[in-house]
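1. have a look at this fold, sequence not included:
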């Protein structure tokens, strides 16, 4: 069985073709639940990860995977902004998190911590390393999505001037 594309009628509008799985009702239904679960897991990794290596990085990768799944299922991004715009904000936040202790006479990136008690959560530890991890999270999400979305926009049928 061959899959030949019919020749478009004269004057028909030829736009970009949607991804092959965009209209799949099973993928759309499952992706809603998976998207929510992966984002919640990523936030848990970010929240708890500042006490372990790689918290912001792994949470950023999980978030990027969830957003890529959303784009595959629905054909558009769940973000309302260009993901590359997250990268400078994340870099600035991570750099400032390290710079503040340095300006106070402590080592660069020295983390501080304390305890906070609320009626909802009880006693929990806060750490300034969470701000650094949040910056890393923004950099990873922005860079990963910019690369993935850039690759998704590639149309292999396009020719460049050096092609024969």
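-> Looks like it arrived, so ask away. Fair warning: this is a prediction, and the values are worked out from it, not measured in the lab.

2. could you use CA atoms for every contact and neighbour count after this?
-> Fine.

3. can you pull the contacts of residue 122?
-> residue 116 (CA atoms under 8 Å, 6 or more residues apart in numbering).

4. and it, how close does it get to residue 55?
-> 23 Å (CA to CA, to the nearest Å).

5. residue 30 now?
-> 27 Å.

6. looking at these two, which is more packed in?
-> residue 55 (23 against 11; other CA atoms under 10 Å).

7. quick check: the more buried one touching residue 48?
-> Yes - counting by CA atoms under 8 Å, residue 48 is a contact partner of residue 55 at 7.2 Å.

8. pretty sure residue 123 belongs to a helix, no?
-> No - judged by DSSP: H, G, I helix; E, B strand; the rest coil, residue 123 forms no part of a helix; its state is strand.

9. was I right to think it contacts residue 114?
-> No - using CA under 8 Å, residue 123 makes no contact with residue 114, being 10.3 Å away.

10. quick one: pLDDT of residue 157?
-> If you check residue 157, the pLDDT there is 74.

11. neighbours of it, just the number please.
-> Counted with other CA under 10 Å, residue 157 comes out at 6.

12. and it, that one's in a strand?
-> No - Residue 157 is assigned coil when assessed by three-state DSSP, not a strand.

13. any idea how far it is from residue 75?
-> From residue 157 to residue 75 the distance is 20 Å (CA to CA).

14. just the helices from the chain, written as ranges.
-> Remark: helices assigned in the chain by DSSP state H are 25-49, 55-74, 86-103, 129-152.
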